[in-house]
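Undergrad: here you go, sequence then predicted model.
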Amino acid sequence: MIALAAGLYLFDCVVLLERGQALWSRGALSFGSNHYQIRGKAVALLNPLTPFIATIRTSPLFSVSSGAKISSASRAIAPLAIPSLAQFILVFAVLPWCLYRAPGWPFLAALALAYLNAIAMLAISGWRFRKTGLATRPLAALGFAWLACLPLSVNTLRKAGLAIEVGVDARRAIRYLSPGERQRARDDLAAQAAEAMHELEEDDDLHRRLAELRRKLTPEARSGRV
């Protein structure tokens, strides 16, 4: 049972990204794998040991979006950090210990507490989304999954963040990084653009735009703007 719960949680940590799309977390950008794909999308794995750290997904490259700012999205889900850490401890430490060492009422009490915490996180998510003007519709499906499969509720903070549509793509997000992170993100984005170009015909308009973006990301262009 514990192995099944851990497997479901690890599967939930897999995120699919469009080429050039990135995950924003702790002032850094992650673009996922350059080579591993599922349905034409890059595979990224959320750190399974840090479900209490917020993660936001940038908008796809060259998309026109009027979504939220990354800073606004981060503030909207910030109150979920402590409950997410508590849920991680309850599901993967307290419940297994009670199951083998204290079955009966201690296990049922821990299980009830985990469900109450999941419900509280769902309520907090809905309240914060409404307060900041974000669409709450994605939370309906997520909330059902969290309550139907308790291990998935551990990812409440990050999944709520990924459900927010932001109006910043990776090119613009790079400008807000520290100098060291900025250079690494440019290299990663250039690699993603190169991979995407291999999947397109040379006469494709997207191929041309990606080639132009890659030229701007080359070392000799780093003194300019992305």
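TA: Yep, it's here.

Undergrad: tell me who's in contact with Ser178.
TA: Contacts for Ser178 (Cβ atoms under 8 Å, 6 or more residues apart in numbering) come out as Gly27. No exception for glycine: its C-beta is placed from N, CA and C like everyone else's.

Undergrad: all helices of this structure, in order?
TA: Under the criterion DSSP state H, the chain contains helices at 2-12, 70-77, 81-89, 95-101, 105-131, 137-148, 156-162, 170-173, 179-198, 205-216.

Undergrad: for the closest residue to Ala196 other than its chain neighbours, give me its contacts.
TA: Spatial nearest neighbour of Ala196, excluding adjacent residues (Cβ to Cβ, 6 or more residues apart in numbering): Arg19 at 3.8 Å. Shown in contact with Arg19 (Cβ under 8 Å, 6+ apart): 41-42, 61, 192-193, 195-196, 199.

Undergrad: how close does Arg19 get to Arg214?
TA: 12 Å (Cβ to Cβ, to the nearest Å).

Undergrad: what do those two both touch?
TA: Ala193.

Undergrad: flag the shaky bits of the protein, pLDDT-wise.
TA: 64-65, 219-226 (pLDDT under 70).

Undergrad: domain parsing for this structure?
TA: Annotated domains of the chain cover 2-162, 177-221 [automatic domain parsing].

Undergrad: re earlier: what's the most distant pair in the contacts of Arg19?
TA: Within those, two members stand farthest from each other by Cβ to Cβ: Lys41 and Ala193, at 15.0 Å.

Undergrad: these two: which has the busier surroundings?
TA: Taking neighbours as other Cβ atoms under 10 Å, Lys41 and Ala193 compare with Ala193 leading, 24 against 15.

Undergrad: quick one: the more buried one and Lys216 touch, right?
TA: No. Using Cβ atoms under 8 Å, Ala193 makes no contact with Lys216, being 9.7 Å away.
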